Every structure is written in C-alpha cells, then in structure tokens.
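Student: Structure of the sequence below:
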Amino acid sequence: MDTLKLNPAQIQAAVDQLTLEPEGFNKLMEIALNSLMKAEREVYLDSAAQGNKANGYRSINGFGIGDALSLQIPRDRLGHFKPTLLNVMRDQSDSLNELCFELYAKGLTTRDIESITSSIYGQHLSKSQISRITGSLSEAMLAFRERSLADYYPIIYLDATYIKTKRDRVSSEAYYVALAVLPDMTREVIGIYNAPTESACVWGEICEDLKQRGLKQSDLFVIDNLTGLDSTLERHFGASIQKCVLHLKRSILAKTKKSHRIEMANDLANIFQLDNTDDTQEALMKRAKQVYHRWSRHYSHLGIFNAPDSLQYYVTYLDYEFDIRNMIYTTNWIERLNKSFKRTIKIRNSMPSVESVLTLLSKVAIDLNSGTRFRKSHLFDK
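Tutor: This is a model prediction of the structure:
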C-alpha cells in the first residue's frame with residue numbers, strides 16, 4: 001500500500017481541524033506520542049541483536065488536559081526496549097505525587113485533591129490512592145524529625161500546641177515543638193513530638209532526644225510558663241531561661257476585675273519597660289514590688305512580683321543587648337509557627353492518627369522560611 005504523503009500546509013490543516021474538535025488536543029497528543037514511540041522501536045530493532053522483533057503493545061494512561069491520554073507502549077520480544085517517553089511519564093507520576101502531598105499539606109482534603117487531579121490532569125485518583133501517596137512521604141518526614149542536630153544553638157524556643165487527633169476516640173492532644181535560632185540568625189525547627197497531655201515527664205524525654213541527636217549547648221531557652229519545663233531545662237542544659245512576658249501580662253489581666261484592668265495594664269507596662277534601653281533587672285524588680293504592694297490586698301496572683309526567684313525567669317531578656325530583646329521576651333516566633341500548623345490542620349475536623357499530624361507538621365516545618373534573619377548580636381559569637 002502506498003504511503004500517504006501530505007505537504008506541510010495539508011498537515012497543518014489536518015492538525016488545525018483536529019485540535020478544534022472536543023478533546024482534539026488530547027487526541028493529537030495521543031497520535032504524536034504513540035507514533036514517536038513506535039518509530040523509536042523501529043530504530044531500536046534495526047540496531048538490536050539478531051532475532052529480536054516487535055511484540056505488540058501494552059496500554060497505559062498518561063496526563064492530558066482535563067482527561068487521560070491512552071498510550072500504546074511498544075514491546076519487543078526480548079523485553080529490552082524501553083521508550084524514552086517512559087521516563088517522561090515516570091517524571092509526571094512523581095510530580096503528581098508531589099503535588100498531591102503539597103495540596104494535602106496546605107490543608108486540602110483527599111476529596112479536594114481527587115477533584116483537582118481529575119479536572120486538570122484527567123487522572124482520577126481515588127481517596128485510597130491519595131492516602132497512599134501522602135503516606136509514602138511519611139518516611140521522609142520521620143527522617144526530618146530524627147535527623148542529627150548541631151551541637152550549639154544560641155536560642156531555642158519551646159512550646160506545645162493542641163490538635164484534635166483520633167486514637168480510640170477524638171481528643172485534643174499535645175504536640176511539642178522546638179524552634180532554634182542558628183548562629184547566622186536563621187530559624188530551624190529541630191523537634192516535633194506528640195504526647196496525649198502536657199507534662200514535665202514529656203519535656204524530660206524531649207530534652208533527652210535533643211541531646212541524643214547532638215545538641216549540647218544553648219545560651220537561652222524561651223518558653224511559656226509550661227509545667228515543670230524550667231527545672232527540666234536547668235537539669236539537662238543549665239542554660240538561661242526567659243519566660244514569655246506577654247503571657248504573664250495576659251494571665252494577670254484575665255484574673256483582674258474589669259474596673260481595674262486599665263490601671264493594672266498601665267502598671268504592668270511600667271514594670272516591663274520594653275522600650276527602655278537603660279532598664280536593669282534591679283530597677284524592674286523594684287517596680288514590680290511596688291505594684292505588688294499596691295494591689296496585693298485585691299489580687300493574690302500578683303505574688304510573683306514579690307518573689308524574685310520566680311520573677312527572675314521573666315527578666316532574663318535584660319541581660320541581652322537592646323536590639324534583640326524584642327525577639328526573646330516573648331514566644332511570638334514559635335507561636336507564629338503554631339499558627340501555621342493550625343492553618344494547615346483547621347480545614348479538617350480531626351486528624352485520623354498521630355502519625356498523620358506529625359507528617360503534616362513536619363512538612364510545614366520544612367517549608368519554614370529559613371531565610372528570615374534577625375539582627376546579629378555579638379552575644380551569640382562563640
């Protein structure tokens with residue numbers, strides 16, 4: 001049979017007519033890709049070992065626009081021929097897997113991802129397939145959580161956040177986070193852990209894990225008033241501790257009579273003169289005691305202002321130069337990270353397992369903008 005020969009204009013006209021039809025572009029892609037693979041096999045067999053020959057085709061689906069492509073992969077009798085396009089298809093599959101995980105990490109449900117991949121790529125991935133895809137990356141996230149650490153971080157923030165998680169039933173469970181500031185003033189999440197509830201025992205286990213992974217020293221731990229954490233850190237690392245001033249002020253005001261709150265807020269601002277470059281711990285302690293004597297007959301919870309040993313944890317920031325005090329008198333940095341965690345989780349009513357939560361939190365941590373820098377402080381030079 002004679003081969004049909006068309007000039008370039010006729011070929012262009014045929015292509016134009018085909019692409020104007022519904023799903024025409026996908027049909028054109030199928031024709032082109034199948035023809036390329038068939039031609040590649042012919043070239044391969046011309047130079048292949050004697051006795052090898054064509055051996056039919058096998059069908060696979062590829063990515064089209066809004067629909068899957070039906071592709072025919074040529075085979076040879078000896079099973080040695082592998083079309084170059086198979087590598088492209090494999091790359092597409094890997095990219096789709098990565099996309100599914102990225103979408104899941106950004107808060108989309110498996111049903112949302114199923115709809116997106118079907119409408120854009122023509123690939124219908126079931127809920128179970130997507131779950132397997134997202135689950136396949138949990139090992140990488142586990143490796144991130146268990147990686148070796150540097151032996152020194154100038155500042156480490158510690159906090160716990162609560163996320164609804166299913167074990168036997170759904171309940172809020174504690175997820176512990178360690179956020180470190182490196183000597184070059186970049187940030188890095190160095191630990192993510194889970195326990196059903198918050199306790200000093202768990203903090204001790206976290207300290208042990210950080211040490212086993214390589215941490216030996218930190219100049220400063222910034223924490224909230226978490227149960228037993230201060231004594232645990234002192235026992236394991238002997239580092240300075242700064243408790244969150246903002247949380248202390250909020251706690252005091254929450255327990256203050258509404259008619260007294262404005263005056264109390266002014267007094268608290270006078271104690272913690274955060275914009276005073278010349279403030280000292282001695283002067284702050286003196287102001288705190290004056291506020292205690294003013295309000296103690298009304299509010300017993302102000303006893304901390306008459307207890308230097310307890311208040312000491314809230315004034316450590318005054319040991320540091322003024323330029324970095326605003327980043328260490330509060331746990332705001334790690335609270336912002338926790339908000340990122342919550343944004344990823346909130347679209348789901350609850351998480352199906354602890355591992356699913358740890359995997360998502362690890363992905364958010366990896367995506368943390370480590371390029372954010374703080375002003376350099378000579379106090380962190382080693």
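Student: could you point out where the stretch 51-200 of the chain is predicted with low confidence?
Tutor: Scanning the stretch 51-200 of the chain for pLDDT under 70 picks out 60-69, 86-97, 101, 104-110, 116-137.
Student: just the strands in it please.
Tutor: 54-63, 68-76, 152-166, 170-181, 187-195 (DSSP state E, counting those that start in this stretch).
Student: how about CSV for these, with distance to residue 46 added?
Tutor: No exception for glycine: its C-beta is placed from N, CA and C like everyone else's. Shown next, in CSV, are the strands of the stretch 51-200 of the chain (distance: least, Cβ to Cβ, whole Å):
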stretch, distance to residue 46
strand 54-63, 11
strand 68-76, 12
strand 152-166, 60
strand 170-181, 61
strand 187-195, 56
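Student: could those strands be laid out in TSV, adding distance to residue 204 and mean neighbour count?
Tutor: Compiled in TSV, the strands of the stretch 51-200 of the chain are given as follows (distance: least, Cβ to Cβ, whole Å; neighbours: other Cβ atoms under 10 Å):
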stretch	distance to residue 204	mean neighbour count
strand 54-63	50	14
strand 68-76	54	18
strand 152-166	12	21
strand 170-181	12	20
strand 187-195	11	19
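Student: Isn't residue 164 up against residue 174?
Tutor: No: using Cβ atoms under 8 Å, residue 164 makes no contact with residue 174, being 11.7 Å away.
Student: sorry, back to before: identify whichever of the strands of the stretch 51-200 of the chain lies nearest to residue 239.
Tutor: strand 152-166 (8.1 Å; Cβ to Cβ).
Student: wait, which of the strands of the stretch 51-200 of the chain is closest to residue 283?
Tutor: Closest among those, using Cβ to Cβ: strand 152-166, at 24.5 Å.
Student: chain center to the closest one: distance?
Tutor: 12 Å (Cα atoms, centre = their mean, to the nearest Å).
Student: and residue 189, how far is that from residue 209?
Tutor: 14 Å (Cβ to Cβ, to the nearest Å).
Student: next one: residue 368
Tutor: Residue 368 is 20 Å from residue 209, by Cβ to Cβ.
Student: Repeat that for residue 226.
Tutor: 17 Å.
Student: the more surrounded of the two?
Tutor: Using other Cβ atoms under 10 Å, the more surrounded residue of residue 226 and residue 209 is residue 226, with 20 against 16.
Student: ok, now how distant is that one from residue 174?
Tutor: 10 Å.
Student: what's the spacing between the longest helix along the chain and its chain's center?
Tutor: Counting residues, the longest helix found in the chain (DSSP state H) is helix 24-47. For helix 24-47, the separation from the chain centroid amounts to 42 Å (computed by Cα atoms, centre = their mean).
Student: packing partners for that helix?
Tutor: Counting by 3 or more Cβ pairs under 8 Å, 6 or more residues apart in numbering; DSSP states H and E, the packing neighbours recorded for helix 24-47 are helix 8-20, strand 54-63, strand 68-76, helix 84-105.
Student: can you list the domains in the protein?
Tutor: Following automatic domain parsing, one gets these domains for the chain: 8-100, 149-380.
Student: so which of those is the most packed in?
Tutor: Most buried of the domains of the chain by mean neighbour count (mean count of other Cβ atoms under 10 Å) is domain 149-380; its value is a mean of 17.
Student: tell me how far the ends of stretch 43-53 are from each other?
Tutor: End-to-end span of stretch 43-53 (Cα to Cα, to the nearest Å): 11 Å.
Student: how far out from the middle of the chain is it?
Tutor: From the chain centre to the centre of stretch 43-53 is a distance of 51 Å (Cα atoms, centre = their mean).
Student: Which of the helices or strands spans residue 263?
Tutor: Element membership of residue 263, judged by DSSP states H and E, is helix 261-271.
Student: What average pLDDT does the following helix or strand past that helix get?
Tutor: Next in sequence after helix 261-271, counting helices and strands by DSSP H and E, comes helix 281-295. For helix 281-295, the mean per-residue pLDDT is 96.
Student: Correct me if wrong: residue 256 contacts residue 262.
Tutor: No: counting by Cβ under 8 Å, residue 256 does not reach residue 262; the two are 9.8 Å apart.
Student: contacts for stretch 228-238?
Tutor: Here stretch 228-238 makes contact (Cβ atoms under 8 Å, 6 or more residues apart in numbering) with 158, 199-201, 203-204, 207-208, 211, 217-218, 221, 223, 239, 241, 243, 313.
Student: Which of the residues you listed fall in helices?
Tutor: Going by DSSP H, the helices hold 200-201, 203-204, 207-208, 211 from the contacts of stretch 228-238.
Student: how about TSV for the residues you listed, with distance to residue 8 added?
Tutor: Listed next are those as TSV, based on distance: Cβ to Cβ, whole Å:
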residue	distance to residue 8
200	79
201	78
203	74
204	77
207	73
208	73
211	72
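Student: okay, the residue nearest to residue 264 when sequence neighbours are not counted: pLDDT?
Tutor: Leaving aside its chain neighbours, residue 264 sits nearest to residue 256 (4.8 Å; criterion: Cβ to Cβ, 6 or more residues apart in numbering). Note on residue 256: pLDDT of 95.
Student: Likewise for residue 313?
Tutor: 95.
Student: Help me confirm that it comes into contact with residue 242.
Tutor: Yes: with contacts counted by Cβ under 8 Å, residue 313 reaches residue 242, the gap being 7.0 Å.
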